[in-house]
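Novice: sequence and predicted structure are below.
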Amino acid sequence: MAKKTYNEKLNSPGDLPKIEDLSDKPEAVKRMGGAKMLIAAPMQYNEVMAKIPEGKVITTDRIRDYLAAQSATGTNANPTRCFLLGRRLP
């Protein structure tokens, strides 16, 4: 099977976005600040990044807060996914 290109990965969300229930993992609830976590689709990160004006700096925490506010969770979004996708998006 051929390896997917970045654009193929960006445009094929699979089963995302989804809400992960962390209630059975008390250490994760404490670390993340809530019992539910959004795992956003790559295109959602791309859309947020496209709204940021050139030359302006934004933190991954603010991106996560924005995505969580737009979702049903309202608590938090996956920090690792945000970091990895934020580094790769143009």
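Specialist: Thanks, I have the structure now. All values reported here derive from a predicted model rather than from experimental measurement.
Novice: mind listing residues that contact stretch 3-16?
Specialist: Outside stretch 3-16, the residues that touch it by CB atoms under 8 Å, 6 or more residues apart in numbering are 39-43, 46, 88. C-betas here are computed from N, CA, C, even on glycine.
Novice: check stretch 18-36 too.
Specialist: Stretch 18-36 is contacted from outside by 37-39, 71-73, 75-76, 78-79, using CB under 8 Å, 6+ apart.
Novice: at 6 Å what do you get?
Specialist: 37, 39, 73, 75-76 (CB atoms under 6 Å, 6 or more residues apart in numbering).
Novice: those residues into a markdown table, with extra columns for pLDDT and distance to residue 28?
Specialist: Putting the contacts of stretch 18-36 into a markdown table (pLDDT from 0 to 100; distance: CB to CB, whole Å) gives the following:
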| residue | pLDDT | distance to residue 28 |
| --- | --- | --- |
| 37 | 85 | 8 |
| 39 | 85 | 13 |
| 73 | 66 | 14 |
| 75 | 73 | 12 |
| 76 | 79 | 10 |
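Novice: inside strands: which ones of those?
Specialist: Judged by DSSP state E, the subset of the contacts of stretch 18-36 located in strands is 37, 39.
Novice: for the contacts of stretch 18-36, work out which two are farthest apart.
Specialist: The span of the contacts of stretch 18-36, defined through CB to CB, is set by 39 and 75 at 12.8 Å.
Novice: who has more neighbours out of these two?
Specialist: Legend: neighbour count by other CB atoms under 10 Å for residue 39 and residue 75, higher for residue 75 (19 against 16).
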